[in-house]
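1. After the sequence you'll find the predicted model.
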Amino acid sequence: MTIPHPVDPSTEQSLSIWFFVGVLMLASGLIIFGQGIYEFWHPGSTVLANLHPAFWWGLLMTAFGLFYTIRFRPGKG
């Protein structure tokens, strides 16, 4: 029977909170972006629906989420 070696905490890498922020923003952005694409064919009845805010905000959130997810991914460098 072998005893597993204890993990040295000084060699462990912690996950950055910004990685989780990026993942959540990416997921939310993709959902909102998808809704914005859907609204091109089924427009809403709001006053500024012709500006397609869900499409643009979803695109922006997806871009920022992708940036944060890649920039702060675990195990890089």
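-> Sure, I can see it.
2. CA atoms for contacts and neighbours, from now on please.
-> OK.
3. Name the residues of the longest helix seen in the chain that are buried.
-> For the chain, the longest helix by residue count, based on DSSP state H, is helix 17-41. Across helix 17-41, burial judged by 16 or more other C-alpha atoms under 10 Å covers 19-33, 36-37, 39.
4. Tell me which other helices or strands it touches.
-> helix 53-71 (3 or more C-alpha pairs under 8 Å, 6 or more residues apart in numbering; DSSP states H and E).
5. list the helices and strands the helix it packs on packs on?
-> helix 17-41.
6. now the angle from the helix it packs on to helix 53-71?
-> With axes from the mean of the first three to the mean of the last three C-alpha atoms, to 10 degrees applied, the angle from helix 17-41 to helix 53-71 works out at 150 degrees.
7. Tell me which residues are up against helix 17-41.
-> With contact meaning C-alpha atoms under 8 Å, 6 or more residues apart in numbering, helix 17-41 is reached by 52-74.
8. center of this structure - which residue?
-> The C-alpha lying nearest the average C-alpha coordinate of the chain belongs to Leu26 (C-alpha atoms, centre = their mean; 2.0 Å).
9. and Thr69, what is it in contact with?
-> Trp18, Phe19, Phe20, Val21, Gly22, Val23, Leu26.
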